[in-house]
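[1] the following comprises the amino acid sequence and a computationally predicted model.
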Amino acid sequence: MAEKKDIFSGTLTLGPSKGLKGEISVPGDKSISHRSVILGSIAEGITEVDGFLEGEDNYSTMNAFRAMGIEIEHFAEYKLRIHGKGMNGLTEAEDIIDAGNSGTTTRLLTGLLSAQPFFSVITGDATLRRRPMKRVVDPLSKMGASITGRKNNSLLPIAISGRQLNGINYKTPIASAQLKSALLLAGLYARGETIIEEPEKSRDHTERMFRLFGADIKVIENSVIVKSTNRLNGCKIKIPGDISSAAFFMVGASITPESELLIKDVGVNPTRTGIIDILKKMGGSFEVLNTREVSGEPVSDILVKSSSLKGIDISGEELLPAIDEFPIICVAAAFAQGKTTVSGAKELRVKESDRIAVMADSLRAVGITAVEKEDGIIIEGALGEIKGGEIKSHGDHRIAMAMAMAALRSKNGIGVQGAACVDVSFPGFYGHLDKVRVS
Ligand code: S3P
């Protein structure tokens with residue numbers, strides 16, 4: 001078995017900079033990359049993927065499908081050729097499926113595998129084994145799935161005995177694209193219709209990709225309706241840059257005084273662009289240029305310049321389209337004039353880490369006043385430089401990258417313990433940063 005990377009070890013110290021200048025592009029979208037492998041595997045014929053994110057999370061999905069008998073050629077950088085075997089072509093994996101650090105792999109596969117005529121077991125790393133699975137297990141069980149797991153079927157490892165499912169009409173208690181997508185994948189195989197209604201609309205990459213592959217899907221406001229499907233057709237997919245990765249550079253450029261940075265080919269799906277709206281509300285300088293549609297997703301180039309940010313109130317609704325950007329929004333707030341309050345964001349406690357607690361600790365460790373709330377955080381902006389210090393990533397990629405950007409405005413730099421975890425979503429992050437930073 002290949003040696004596993006320890007995402008908790010190794011400290012990297014990041015230093016200050018006057019700004020970020022020039023042009024960059026960021027790696028492919030993580031959510032879309034997962035979905036391209038999943039749908040490509042159960043489609044008929046070849047799916048060609050360009051722009052695949054070569055992050056640890058996406059390798060977890062790719063390895064799972066290889067283990068279920070799908071040939072996936074990673075024939076060039078960012079490029080995959082998936083030899084889809086059709087809706088009924090997956091075969092039982094010989095071993096436990098290891099989803100690593102990836103919640104998306106776990107939850108989407110739980111939906112798909114519930115409907116396959118074989119047995120599967122899914123586990124993950126120490127962080128993933130603490131994350132809640134009940135949200136997918138409960139509605140899937142209502143569809144007829146047989147899933148058992150630790151702590152009353154709520155934690156990994158879980159065991160799935162696949163079987164014929166029935167459609168469901170389900171109102172999700174939270175807006176979660178992982179939950180919605182798990183049910184949509186199960187719905188492709190379930191008798192009749194599956195209707196999922198969300199309290200607010202979560203990211204809709206699954207719906208868009210279902211259309212690309214020819215699934216029968218309808219979207220009416222916050223509801224999605226999918227019918228049982230006999231055939232998906234393999235296709236060509238070009239994946240845009242991940243706005244959640246671009247977000248670190250958007251904030252890095254905003255908070256440093258001599259920045260002008262063009263971020264090329266970024267996915268600007270409206271369910272994901274909350275970070276631009278939030279930074280604009282804080283007074284950030286953004287131009288969204290050259291918008292076009294590629295493989296069913298809108299894509300733009302984004303020009304960011306230095307700006308004087310001000311503190312604002314951010315509601316749960318405003319945060320939803322920027323749900324993964326909470327750590328870097330905290331960093332923007334740390335360098336804004338006045339107070340920033342985030343509320344209605346309890347979900348952040350069950351991400352790759354408890355992001356509310358970890359960000360409050362990290363900001364305090366480098367000289368910022370931050371107060372944890374049950375459902376968010378209050379941050380007092382420090383005008384000018386912060387002192388710096390050392391923080392722990394807790395194996396959470398987005399904490400490491402957010403604090404690396406905070407280091408740009410520190411006197412003494414910031415040491416990030418467990419810096420290598422950035423590979424989960426952004427391999428080469430530190431190199432990208434080096435290329436555009438003004439020393
Ligand atoms: C994702 C959905 C979101 C997001 C995660 C990726 C997806 O999670 O935070 O990084 O690809 O569907 P939730 O569905 O838990 O909100």
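    Cool, the structure landed.

[2] tell me the first helix or strand C-terminal of the helix or strand harbouring residue 137.
    Counting by DSSP states H and E, the element that carries residue 137 is helix 134-142. Secondary structure here is assigned by DSSP H and E; on that basis, the next helix or strand after helix 134-142 toward the C-terminus is strand 146-149.

[3] so for the helix holding residue 137, what gets flagged as buried?
    Within helix 134-142, the residues that count as buried by 16 or more other Cβ atoms under 10 Å are 135-140. Backbone N, C-alpha and C define where each C-beta goes, glycine included.

[4] what's the answer for stretch 188-198, then?
    Judged by neighbour count using 16+ other Cβ under 10 Å, the buried positions of stretch 188-198 are 188-190, 194-196, 198.

[5] what about it and the ligand, any contact?
    No - judged by Cβ under 6 Å from any ligand atom, stretch 188-198 makes no contact with the ligand; its nearest approach is 10.2 Å.

[6] which residues sit against that stretch?
    42, 87, 115-116, 143-144, 164-172, 175-176, 180, 183-184, 186-187, 215, 222-229, 232 (Cβ atoms under 8 Å, 6 or more residues apart in numbering).

[7] ok, and which of those residues reach the ligand?
    Among the contacts of stretch 188-198, the residues that sit close to the ligand (Cβ under 6 Å from any ligand atom) are residue 176.

[8] out of the contacts of stretch 188-198, which are inside helices?
    Mapping the contacts of stretch 188-198 onto helices (DSSP state H) picks out 42, 180, 183-184, 186-187.

[9] widest-spaced pair of these?
    Maximum pairwise distance among the ones in helices among the contacts of stretch 188-198 (Cβ to Cβ): 17.7 Å, between 42 and 180.

[10] let me know whether residue 44 touches residue 83 as I believe.
    No - with contacts defined as Cβ atoms under 8 Å, residue 44 does not count as touching residue 83, sitting 10.3 Å away.

[11] now do the domain split for the protein, please.
    For the chain, the structural domains run 3-28+240-438, 30-238, going by automatic domain parsing.

[12] any chance of those domains in CSV, plus mean pLDDT?
    Putting the domains of the chain into CSV (pLDDT from 0 to 100) gives the following:
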stretch, mean pLDDT
domain 3-28+240-438, 96
domain 30-238, 98
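
[13] what sits against residue 33?
    When contacts are taken as Cβ under 8 Å, 6+ apart, residue 33 is in contact with 49, 51-53, 55, 58, 61, 239.

[14] filter the contacts of stretch 188-198 to the buried ones?
    Judged by 16+ other Cβ under 10 Å, buried ones among the contacts of stretch 188-198: 42, 87, 115-116, 143-144, 165, 167-168, 170, 172, 175-176, 180, 183-184, 186-187, 215, 222, 224-229, 232.

[15] narrow the residues you listed to those in strands?
    Judged by DSSP state E, these include 170, 224-227 as members of strands.

[16] any idea which of those is the one closest to the ligand?
    Of all those, the one sitting nearest the ligand is residue 224; the distance, using Cβ to the nearest ligand atom, is 13.3 Å.

[17] that closest one contacts residue 177, correct?
    No - in this structure, residue 224 sits apart from residue 177 without contact. The criterion is Cβ under 8 Å, and the distance is 10.8 Å.

[18] near the ligand, which residues of the stretch 301-439 of the chain? Just list them.
    Near the ligand, the residues belonging to the stretch 301-439 of the chain are 323-324 when assessed by Cβ under 6 Å from any ligand atom.

[19] now do the helices in the stretch 301-439 of the chain.
    Counting by DSSP state H, counting those that start in this stretch, the stretch 301-439 of the chain has helices at residues 316-319, 326-334, 355-365, 397-406, 429-436.

[20] give the buried residues for the third one.
    Residues 355-356, 358-363, 365 are the ones in helix 355-365 that count as buried (16+ other Cβ under 10 Å).

[21] show me what that helix is packed against.
    Contacts defined by 3 or more Cβ pairs under 8 Å, 6 or more residues apart in numbering; DSSP states H and E place helix 355-365 against helix 326-334, strand 369-373, strand 376-380, strand 389-392, helix 397-406.

[22] could these go into a markdown table alongside distance to residue 95 and mean neighbour count?
    A markdown table is the format used below for these (distance: least, Cβ to Cβ, whole Å; neighbours: other Cβ atoms under 10 Å):
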| stretch | distance to residue 95 | mean neighbour count |
| --- | --- | --- |
| helix 326-334 | 34 | 28 |
| strand 369-373 | 40 | 16 |
| strand 376-380 | 41 | 22 |
| strand 389-392 | 32 | 20 |
| helix 397-406 | 26 | 29 |
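
[23] ok, which of these comes nearest residue 159?
    helix 397-406 (28.3 Å).

[24] contacts only, for the residue lying closest to residue 363 once chain neighbours are set aside.
    Closest residue in space to residue 363, ignoring its immediate chain neighbours: residue 370 at 4.1 Å, by Cβ to Cβ, 6 or more residues apart in numbering. Applying Cβ under 8 Å, 6+ apart to residue 370 gives the contacts 330, 334, 359-360, 363-364, 377-380.

[25] tell me which two of the residues you listed sit farthest apart.
    The largest separation in those, counting by Cβ to Cβ, is between 359 and 380 at 13.7 Å.

[26] residues making contact with the strand or helix carrying residue 289?
    Remark: residue 289 resides in strand 285-294, with elements defined by DSSP H and E. Outside of strand 285-294, the residues that reach it under the criterion Cβ under 8 Å, 6+ apart are 238, 240, 250, 254, 268, 276, 279-280, 298-307.

[27] show me the contacts for residue 181.
    Residue 181 touches 35, 107-108, 111, 206, counting by Cβ under 8 Å, 6+ apart.

[28] appreciated, that's everything.
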